[in-house]
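Asker: only geometry, no sequence info:
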């Protein structure tokens with residue numbers, strides 16, 4: 001099969017969206033959550049003046065290296081993370097519905113960026129990295145429309161940095177999208193597949 005892996009693959013994430021992307025591409029893998037203190041790392045890097053793309057890359061690298069040392073050769077590890085940036089402000093996943101509503105009220109009518117980092121590791125070391133940027137514009141909404149959306153979308157959107165799943169009801173929030181669809185979902189599958197091919201995990 002074209003998607004049959006010749007090396008074991010580990011996804012350093014508990015993200016259902018990233019797992020779904022790999023599964024849809026026909027790849028077999030093991031998912032292991034890489035739990036890190038994202039807030040502390042973001043705040044530390046911001047204090048050092050790091051740019052969003054560097055922060056996204058550092059988050060992906062940290063997650064990857066959290067799992068990579070426990071995966072022996074010839075196994076490969078993929079770790080990814082994503083930032084939402086609007087008007088210079090970095091948004092993290094909302095803690096509850098009330099915070100989700102505040103985030104959406106801030107984002108409505110504006111263009112924001114989703115900055116995604118992904119790293120690949122082998123033998124306990126990062127050997128590949130990729131950063132993508134997508135720009136999304138939310139349509140203008142009032143508080144009632146946002147509350148209706150959150151009710152319809154359910155608690156699952158709290159696991160999303162932007163309080164939306166583009167593959168679901170979240171698409172109704174948008175008026176314009178510029179960028180790779182898979183990167184927006186959380187995992188740029190085309191660069192990942194290229195990485196797997198360069199490592200001999202997939203047929204060239």
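Answerer: Great, that's in hand. This structure is a prediction, so every number in the text was calculated from the model and none was measured.

Asker: what's next to stretch 27-36, contact-wise?
Answerer: With contact meaning CB atoms under 8 Å, 6 or more residues apart in numbering, stretch 27-36 is reached by 3-5, 8-14, 19, 22, 59, 62-64, 66-67, 78-79, 196. Just so you know, the C-beta spots here come from the backbone N, C-alpha and C atoms, and that holds for glycine as well.

Asker: Now do it: distance to the chain's middle.
Answerer: Put simply, stretch 27-36 sits 13 Å off its chain's centre (CA atoms, centre = their mean, to the nearest Å).

Asker: Could you tell me which residues within that stretch count as buried?
Answerer: Of the residues in stretch 27-36, 27, 29, 31-32, 34, 36 count as buried by neighbour count, 16 or more other CB atoms under 10 Å.

Asker: What average pLDDT does it get?
Answerer: Stretch 27-36 shows a mean pLDDT of 96.

Asker: before we move on, what about stretch 184-195?
Answerer: Mean predicted lDDT for stretch 184-195 stands at 97.

Asker: same deal with stretch 74-82?
Answerer: Per-residue pLDDT over stretch 74-82 has a mean of 97.

Asker: likewise stretch 61-71?
Answerer: 98.

Asker: so residue 19, which of the three states?
Answerer: Of the three states, residue 19 takes helix according to DSSP: H, G, I helix; E, B strand; the rest coil.

Asker: Nothing else from me, thank you.
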